[in-house]
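Student: Give me a 3D structure for the following:
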Amino acid sequence: MIARRSFTKLGTLRGRTAKLAVTFEQQQPLEGGQYAEVLAHALAKLGSGLVSLLSHPQLALQLQQLDLTGTVILEPEEAGPGPAPAAALASLFQGLRLRQLSLAGPLLPHLQPLAQHLTQLRLEDCKLLSLSPLAQLQVLTVCRRLHGLHVLLQALPRLHTLQLPGMCICEQQLDALLAATQLTSIQLASIRELTSSRADLPCSWQRLELLQNIAYSTVTCLPLHGLTQPLVLGGLYVGVGAASDAEVAAAVQHLAGTCKAPVIITNLHLNACSAADVTALAPACRACTHLKFIFGSMKPSLEFWRQLVQLMPTVQQRDI
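Tutor: Predicted structure coming up:
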């Protein structure tokens, strides 16, 4: 069910809705009359508020997924009749059995009523205070910078998938992720500023995706030995420069040897690398689509390009 360009009220709160998506699963098939009744109720209540919209008993029991990312809940311009904003936020999900919920906007409704059923939660631009009541949560996506990662993970014992697409983490946050042994799938923007290696530490990760560039020196410090799904890197920066040949060889060995899972790299940036370096890196970069050479005096030969086509067949763009 989708409502476009409408206003959604929440008690004395107001919401601007560009798109409202509602999905419910019929555990028991609805008769034609029952379905028409639920649909008529939903359409009638779209303009009067989310609490009213979700109040139908049949809808409340069978609603499984709710996407409110197109709805922004706003503070009231002036006081009016009805419950206070805090009370309205607390009662929004009362009686629902949602399994999947997506929210956007600065105001985060109380999630306590969903504690027994909610397994997937996506938050866009929401101020995350606490998710401690959501003990059943398995998949969490937070699209803004997150503070208190260690405390959050301790409160979510069943969480196996954590997606933080806008967050670059450093050592302290990496250690918090490694300590959360319930996690098996991680998505981050990138990892930076590591001063020591964690490559040999125990790690429960089976999947790791980094959406932005990461330096090869950082990759060598990560515990990739347990990955069973492809290591996905938005970009890998390999800068030979002052690095020794042994360091470059260690980076290649770590990707191609230590990480037993396939490696998927979208952008490969090579700084002052030789043709031999590219050939050595190629087995770990077979899914690379963009290859960029930065500085250096390498003059690729025709034979080099022939080898590159065979070793890195997915490259679509080359910058020299």
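Student: same for the host helix or strand of Gln310, what does it pack against?
Tutor: Using DSSP states H and E, Gln310 falls within helix 302-311. On a contact count with 3 or more CB pairs under 8 Å, 6 or more residues apart in numbering; DSSP states H and E, helix 302-311 meets helix 275-281. (C-beta placed from N, C-alpha, C; glycine too.)
Student: in the helix it packs on, what's buried?
Tutor: Going by neighbour count (16 or more other CB atoms under 10 Å), the buried part of helix 275-281 is Asp277, Val278, Ala280, Leu281.
Student: And the first one, how far from Thr181?
Tutor: Here Asp277 is placed at a distance of 37 Å from Thr181 (CB to CB, to the nearest Å).
Student: Surely Ser204 is in contact with Thr228?
Tutor: No. Checked against CB atoms under 8 Å, the pair Ser204 and Thr228 is beyond contact range at 11.1 Å.
Student: so what's the backbone phi/psi at Phe93?
Tutor: phi -100, psi 20 (degrees, to the nearest 10).
Student: In space, what's closest to it - neighbours in sequence excluded?
Tutor: Nearest non-adjacent residue to Phe93, counting by CB to CB, 6 or more residues apart in numbering: Pro113, 4.5 Å away.
Student: who's in contact with Gln182?
Tutor: Leu156, Pro157, Arg158, Leu159, His160, Ser204 (CB atoms under 8 Å, 6 or more residues apart in numbering).
Student: one more time with 7 Å
Tutor: Applying CB atoms under 7 Å, 6 or more residues apart in numbering to Gln182 gives the contacts Pro157, Arg158, Leu159, His160.
Student: Tell me how many other residues crowd the nearest residue to the last one once chain neighbours are set aside.
Tutor: Same thing as His160. The shortest distance from His160 to any non-neighbouring residue, by CB to CB, 6+ apart, is to Thr184 (4.8 Å). Number of residues near Thr184 (other CB atoms under 10 Å) recorded here: 18.
Student: just Gly234 next, same as before
Tutor: Gly234, neighbours per other CB under 10 Å, totals 16.
Student: is it true that it lies in a helix?
Tutor: No. Per DSSP: H, G, I helix; E, B strand; the rest coil, Gly234 lies outside any helix segment and is strand.
Student: ok, it - contacts?
Tutor: Per CB under 7 Å, 6+ apart, neighbours of Gly234: Leu210, Leu211, Gln212, Asn213, Thr266, Asn267.
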